[in-house]
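Colleague: got a predicted model here, sequence first, then my questions.
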Protein chains: 2
Amino acid sequence: MILNGKELSKNINLRLKQRCDNLNKKGISPGLAIILIGDNLESRKYVELKKKTCLKIGVDFNIREYDNNVTDEDIIEELVKLNNDKSIHGIIVQLPLPDNLNELNILNKISVDKDVDGFHEINAGKLFLNREITFSPCTPLGCIELIDHYGIDVEGIDICIIGCSNIVGLPLSMMLLRRNATVTLCHKYTKCLKNKTLNADMIVTCCGVPKILTQDMVKEGVIIIDVGINFLDGVLVGDADFDNLKNKASYITPVPGGVGPMTISMLLKQTIESAERLINI
Amino acid sequence: MILNGKELSKNINLRLKQRCDNLNKKGISPGLAIILIGDNLESRKYVELKKKTCLKIGVDFNIREYDNNVTDEDIIEELVKLNNDKSIHGIIVQLPLPDNLNELNILNKISVDKDVDGFHEINAGKLFLNREITFSPCTPLGCIELIDHYGIDVEGIDICIIGCSNIVGLPLSMMLLRRNATVTLCHKYTKCLKNKTLNADMIVTCCGVPKILTQDMVKEGVIIIDVGINFLDGVLVGDADFDNLKNKASYITPVPGGVGPMTISMLLKQTIESAERLINI
């Protein structure tokens, strides 16, 4: 069965629009600010998608664009303004940053209470320690929402995660662990990856290697969550060889139309939740 | 081969004593403060051990004792004092706390810069995100120091961790992952634990179940790190069945005399490092 992230995200976005309307009635207009630096085409495309979804749902979209010559100080000055701006409920700095900027230094200047990408040290610490979480990284959150929607229970199952980034693999491993899955973290130093994937009930590919997961590497009925976004001969493909896996897997996410749209929905969800929190304070 | 934590910790403590002497010459006397609440016998024993090691190395040992009736506010008031006390370089609250106290609330009030147990959200977040770390949890740190001392290279090996606590299993999994090991996180919901252990090059037991790891569950030449501290018929035993495993394993930690003494050395190491940082500021 196809895990249809495109369809699910549409439904989520409809519900988010309602929540947004409710906030509007109370005089609150949820606002997302994006800092976009440089001329990375991919980044511009992602930001365009986020903008489109904001407009659809009714979240105010605020973009601050800078060229490659901008300094850490310029960005931090802008972040301080956005942190103090009551009309802004979520702030993200679109990654990757140009080499001359210090990602760590910049990301930690985003207010913990507006960190809708969930990249701040304190939000990461809360996730790691299983404490009450304000914001989590959006892609893992989207994966969890997707498997929950399809009623997939991960308790006690063996999950192999390929790729251990701070943005996807690691936070997702924590979320799955807290749902009592047994998690194996694999990466480029892993020996005999096939041994790991063959024994897994669920495989999450998030390493950015086109079609690294092939049919011979999985058991019948496996669940595959493909987070990869790669271009192969000009065509968008995931980290899994979808065409040859779709009949062997019990569930599989397509690329595009799987995890991707879920990520944007989760970003907007966290922005709206941030605005809703304001009412309850 | 036995991974002799007792001996290694003695050598580390000797070197720590020298660093402590050097600090004394510069007019700095490293100070550790421990908050001990209630009458838990185990806790009292651990605190006694910490005190003994402090005295040996030359670290000032400051204990604040409270009975079970103490409130969160009392403890936090004391923590604020200790945070501001320039003679104190490390603060720990001995766990577990009596049920009426809020562990999360209390631990996060320890200054990030004196959190020598590494339990603060920010220090946990740094560990999780692989950022420059001030303090890490002492037991995992002791395990790493032990395997490093014996020249065990974990890059690319398969490691099975049994037990996913915030204090041992999870932080250790991050440290091993950053050294490029493939890590499988197991726990009480894991199915077929034996399948996981049989395929592992290294097994870390930290679940507090006496002798859960038996000879038939491991392959020849496995490395076993036993973090368990259990009492079975009045005898201190680990989570591994040491007597029957010691000839099958290439390396194994005994209990007692393995990871335990390393933990205390790491606590003192982090306290002294904290004092040394003061000179460099």
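Modeller: Arrived safely, thanks for sending. Numbering: from 1, shown residues only, chains lettered A, B, ... in the order given.
Colleague: what's the neighbour count on A:C207?
Modeller: Using other CB atoms under 10 Å in any protein chain shown, A:C207 is surrounded by 22 other residues. No exception for glycine: its C-beta is placed from N, CA and C like everyone else's.
Colleague: that one against A:N230, yeah?
Modeller: No - between A:C207 and A:N230 there is no contact under CB atoms under 8 Å: 9.9 Å.
Colleague: between these two, what contacts are shared?
Modeller: A:D239 (CB atoms under 8 Å, 6 or more residues apart in numbering or on different chains).
Colleague: OK, contacts around the residue of chain A at minimum distance from chain B?
Modeller: Minimum separation of chain A from chain B (CB to the nearest CB) falls at A:G125, amounting to 3.0 Å. Shown in contact with A:G125 (CB under 8 Å, 6+ apart): A:131, B:120-126, B:128.
Colleague: what about 7 Å?
Modeller: Contacts here follow CB atoms under 7 Å, 6 or more residues apart in numbering or on different chains; on that basis A:G125 touches B:121-122, B:124-125, B:128.
Colleague: would you map the strands across chain A?
Modeller: A:31-37, A:60-66, A:90-93, A:158-162, A:182-186, A:202-205, A:223-226, A:230-232, A:235-237, A:251-252 (DSSP state E).
Colleague: could you dump these to JSON lines with mean pLDDT and mean neighbour count?
Modeller: Output for those, formatted as JSON lines (pLDDT from 0 to 100; neighbours: other CB atoms under 10 Å in any protein chain shown):
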{"stretch": "strand A:31-37", "mean pLDDT": "98", "mean neighbour count": "23"}
{"stretch": "strand A:60-66", "mean pLDDT": "98", "mean neighbour count": "16"}
{"stretch": "strand A:90-93", "mean pLDDT": "98", "mean neighbour count": "25"}
{"stretch": "strand A:158-162", "mean pLDDT": "98", "mean neighbour count": "26"}
{"stretch": "strand A:182-186", "mean pLDDT": "98", "mean neighbour count": "27"}
{"stretch": "strand A:202-205", "mean pLDDT": "98", "mean neighbour count": "27"}
{"stretch": "strand A:223-226", "mean pLDDT": "98", "mean neighbour count": "27"}
{"stretch": "strand A:230-232", "mean pLDDT": "91", "mean neighbour count": "12"}
{"stretch": "strand A:235-237", "mean pLDDT": "94", "mean neighbour count": "14"}
{"stretch": "strand A:251-252", "mean pLDDT": "98", "mean neighbour count": "21"}
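Colleague: columns distance to chain B on top of those, output as TSV?
Modeller: Shown next, in TSV, are the strands of chain A (distance: least, CB to the nearest CB, whole Å):
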stretch	distance to chain B
strand A:31-37	20
strand A:60-66	24
strand A:90-93	15
strand A:158-162	7
strand A:182-186	4
strand A:202-205	13
strand A:223-226	15
strand A:230-232	23
strand A:235-237	25
strand A:251-252	19
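Colleague: which positions in chain A make contact with chain B?
Modeller: Contact residues (CB under 7 Å from any CB of the partner chain) of chain A with chain B: A:104, A:121-122, A:124-126, A:128-129, A:131, A:155-156, A:164, A:166, A:170, A:177, A:180, A:182-186, A:189-191.
Colleague: buried ones among these?
Modeller: Buried members of these, counted by 16 or more other CB atoms under 10 Å in any protein chain shown: A:121-122, A:124-126, A:128-129, A:156, A:164, A:170, A:177, A:180, A:182-186, A:190.
Colleague: can you pull out the low-pLDDT segments for chain A?
Modeller: Scanning chain A for pLDDT under 70 picks out the ranges A:281.
Colleague: quick check: can you list the domain ranges of it?
Modeller: Chain A resolves into domains spanning A:27-116, A:138-260 when parsed by automatic domain parsing.
Colleague: quick one: contacts for the most centrally placed residue in chain A?
Modeller: When CA atoms, centre = their mean is applied to chain A, the residue found nearest the centroid is A:T139 (1.8 Å). By CB under 7 Å, 6+ apart, the contact list for A:T139 reads A:167-168, A:227, A:259, A:263.
Colleague: at 10 Å instead, please
Modeller: A:T139 makes contacts with A:117-118, A:165, A:167-169, A:171-172, A:206, A:227, A:259-260, A:262-264, A:266-267, as judged by CB atoms under 10 Å, 6 or more residues apart in numbering or on different chains.
Colleague: then A:D233?
Modeller: By CB under 10 Å, 6+ apart, the residues touching A:D233 are A:P210.
Colleague: do the same with A:R44
Modeller: Residues near A:R44 by CB under 10 Å, 6+ apart: A:36, A:38, A:65, A:94.
Colleague: who's the first one bridged to?
Modeller: Spelled out, it's A:L36. Beta-bridge partners recorded for A:L36 (DSSP bridges): A:E65.
Colleague: from A:K51, how far off is it?
Modeller: Counting by CB to CB, to the nearest Å, the gap from A:L36 to A:K51 is 10 Å.
Colleague: now do A:V259
Modeller: Taking CB to CB as the measure, A:V259 falls 20 Å from A:K51.
Colleague: looking at the two, which has the bigger crowd around it?
Modeller: Between A:V259 and A:K51, A:V259 has the larger neighbour count (other CB under 10 Å), namely 28 against 16.
Colleague: which parts of chain A are helices?
Modeller: Here chain A has its helices, by DSSP state H, at A:5-25, A:41-57, A:72-84, A:103-107, A:121-128, A:138-149, A:169-178, A:193-198, A:242-245, A:259-280.
Colleague: in the first one, what counts as buried?
Modeller: Neighbour-count burial for helix A:5-25, with 16+ other CB under 10 Å as criterion, is recorded at A:5, A:8-9, A:12-13, A:16-17, A:19-20, A:23.
Colleague: work out the gap between that helix and the centre of the chain.
Modeller: For helix A:5-25, the separation from the chain centroid amounts to 17 Å (computed by CA atoms, centre = their mean, to the nearest Å).
Colleague: okay, angle between that helix and strand A:60-66 too, please.
Modeller: 110 degrees (axes from the mean of the first three to the mean of the last three CA atoms, to 10 degrees).
Colleague: may I have helix A:5-25 as PDB, with CA atoms only?
Modeller: Output of helix A:5-25 as PDB, limited to C-alpha atoms (Å, rounded to 0.1, in the frame of the first residue of the first chain):
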ATOM      1  CA  GLY A   5       1.700  11.800   2.000                       C
ATOM      2  CA  LYS A   6       0.400  14.200  -0.600                       C
ATOM      3  CA  GLU A   7      -3.200  13.300   0.100                       C
ATOM      4  CA  LEU A   8      -2.800  13.200   3.900                       C
ATOM      5  CA  SER A   9      -1.000  16.600   3.900                       C
ATOM      6  CA  LYS A  10      -3.900  18.100   2.000                       C
ATOM      7  CA  ASN A  11      -6.300  16.900   4.700                       C
ATOM      8  CA  ILE A  12      -4.000  18.200   7.400                       C
ATOM      9  CA  ASN A  13      -3.700  21.500   5.600                       C
ATOM     10  CA  LEU A  14      -7.500  21.800   5.500                       C
ATOM     11  CA  ARG A  15      -7.700  21.300   9.300                       C
ATOM     12  CA  LEU A  16      -4.900  23.800   9.800                       C
ATOM     13  CA  LYS A  17      -6.800  26.300   7.700                       C
ATOM     14  CA  GLN A  18      -9.700  25.900  10.100                       C
ATOM     15  CA  ARG A  19      -7.500  26.500  13.100                       C
ATOM     16  CA  CYS A  20      -6.000  29.500  11.300                       C
ATOM     17  CA  ASP A  21      -9.500  30.900  10.700                       C
ATOM     18  CA  ASN A  22     -10.300  30.400  14.400                       C
ATOM     19  CA  LEU A  23      -7.200  32.300  15.400                       C
ATOM     20  CA  ASN A  24      -8.200  35.100  12.900                       C
ATOM     21  CA  LYS A  25     -11.600  35.400  14.600                       C
END
